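> The following comprises the amino acid sequence and a computationally predicted model.
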Amino acid sequence: MEQFKRFKDEITRFMMMYKFALDSLETKIEILKEEFQFLHDYNPIEHTKSRLKTPESILTKIHRKGCDISFSSIRTHIKDIAGLRITCSFVTDIYRISEMLRSQSDLTIVEVKDYIENPKPNGYQSLHMIVEVPVYMSDRQEQVCVEVQIRTIAMDFWASLEHKIFYKYNASVPPRLLQELKGAADSAAALDKQMERLHNEIAEIKETRDGEERANDGSKRIVIRNQEFQLPAGLLEMINIDIGQGND
């Protein structure tokens with residue numbers, strides 16, 4: 001009975017490590033999202049979704065891989081026990097978020113698979129990263145792997161429906177449907193490119209219009225936390241002078 005309780009406690013602590021790693025990474029993503037919104041008046045992240053594999057799923061996968069059933073073996077051979085999916089508006093946002101994660105000094109990038117530059121044969125596109133997250137337990141620190149998938153709305157829509165179709169057909173999808181799925185993936189990629197081009201053109205138009213308005217009214221405008229403030233001409237120069245002379 002005591003041995004069973006000890007084993008149960010070990011499983012609980014093992015799964016808690018991955019939950020805490022997910023919590024920590026989600027907090028980082030939320031901070032980056034809010035910072036980007038405040039600084040650029042734009043949010044590159046549409047939404048996030050996290051998941052933890054069940055102990056049954058973990059054991060099934062480790063058995064399928066033919067590995068030893070031990071905690072050390074599981075940690076070595078299964079890197080996607082904890083998963084975080086980040087859905088973006090545009091392809092450039094995917095790489096922007098990837099760079100944000102790379103710049104975090106306490107995160108270690110273990111592996112990157114770019115299925116956008118090199119889509120899978122079925123048309124699947126996404127950026128996959130295996131990231132080590134430090135987790136501070138009561139008696140030790142652990143480096144825990146989390147799989148991060150970053151994709152656009154169109155990529156996520158296609159992947160979700162493709163998964164449902166394969167589940168329905170028990171992975172035996174007729175060749176005709178496989179070809180149509182590949183065509184749909186190509187259409188989703190084309191849509192991503194078109195929408196990003198439109199986004200960039202609209203941003204350029206807005207920037208030009210705002211510049212003309214500032215030139216016409218002789219004032220400066222700044223945006224802080226989604227609120228726009230108008231500053232009289234010359235005030236920014238005065239502020240810069242004060243800051244420069246503040247140490248005299």
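Cool, the structure landed. Bear in mind that the values here come from a model prediction, so they are computed numbers and not experimental data.
> Can you spell out which helices and strands pack onto the lengthiest helix in the chain?
In the chain, with assignment by DSSP state H, the single longest helix is helix 175-217. Secondary-structure packing of helix 175-217 (3 or more C-beta pairs under 8 Å, 6 or more residues apart in numbering; DSSP states H and E): helix 91-102, helix 153-168, strand 219-224. The way it works is simple: take the backbone N, C-alpha and C, and place the C-beta from them, glycine included.
> any idea of the angle it forms with helix 153-168?
For helix 175-217 against helix 153-168, the angle by axes from the mean of the first three to the mean of the last three C-alpha atoms, to 10 degrees is 160 degrees.
> what's the angle between helix 175-217 and helix 91-102?
80 degrees.
> Mean confidence (pLDDT) on helix 175-217, please.
Averaging pLDDT along helix 175-217 gives 85.
> With stretch 125-141 instead?
93.
> distance between that stretch and the chain's centre?
The gap between where stretch 125-141 is centred and where its chain is centred comes out at 14 Å by C-alpha atoms, centre = their mean, to the nearest Å.
> now do stretch 79-99
The answer for stretch 79-99 is 3 Å, by C-alpha atoms, centre = their mean.
> swap in stretch 148-167?
14 Å.
> In it, which residues are buried?
Neighbour-count burial for stretch 148-167, counted by 16 or more other C-beta atoms under 10 Å, picks out 148-156, 158-159, 162, 166.
> Reduced to three states, what does residue 46 come out as?
strand (DSSP: H, G, I helix; E, B strand; the rest coil).
> closest to residue 142 out of the helices and strands packed on helix 175-217?
Closest to residue 142 of the helices and strands packed on helix 175-217 is helix 91-102 (C-beta to C-beta; 19.1 Å).
> Please list the residues outside that closest one that contact it.
Residues external to helix 91-102 that are found in contact with it (C-beta atoms under 8 Å, 6 or more residues apart in numbering): 28-29, 32, 44-45, 86, 88, 107, 109, 112, 116, 127, 129, 131, 148, 150-152, 192-193, 196.
> do stretch 184-203 as well
Defining contact as C-beta under 8 Å, 6+ apart, one finds that stretch 184-203 is touched by 89-92, 119, 122-125, 152, 154-155, 157-158, 162.
> where does this structure dip in pLDDT?
Along the chain, the model assigns pLDDT under 70 to residues 1-5, 7, 168-171, 211-248.
> hmm, 90 instead?
For the chain, applying pLDDT under 90 flags the ranges 1-12, 34-44, 68-70, 122, 137-140, 161-179, 181, 199-200, 202-248.
> Report the central residue of it.
Among the residues of the chain, the one closest to the centroid is residue 86, at 3.4 Å (C-alpha atoms, centre = their mean).
> How is the chain divided into domains?
Structural domains annotated on the chain: 2-154, 218-248, as defined by automatic domain parsing.
> Take those domains and write them to a markdown table, including distance to residue 182.
Shown next, in a markdown table, are these (distance: least, C-beta to C-beta, whole Å):
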| stretch | distance to residue 182 |
| --- | --- |
| domain 2-154 | 4 |
| domain 218-248 | 42 |
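> ranking these by burial, who's on top?
domain 2-154 (a mean of 15; mean count of other C-beta atoms under 10 Å).
> That concludes my questions; thank you for your assistance.
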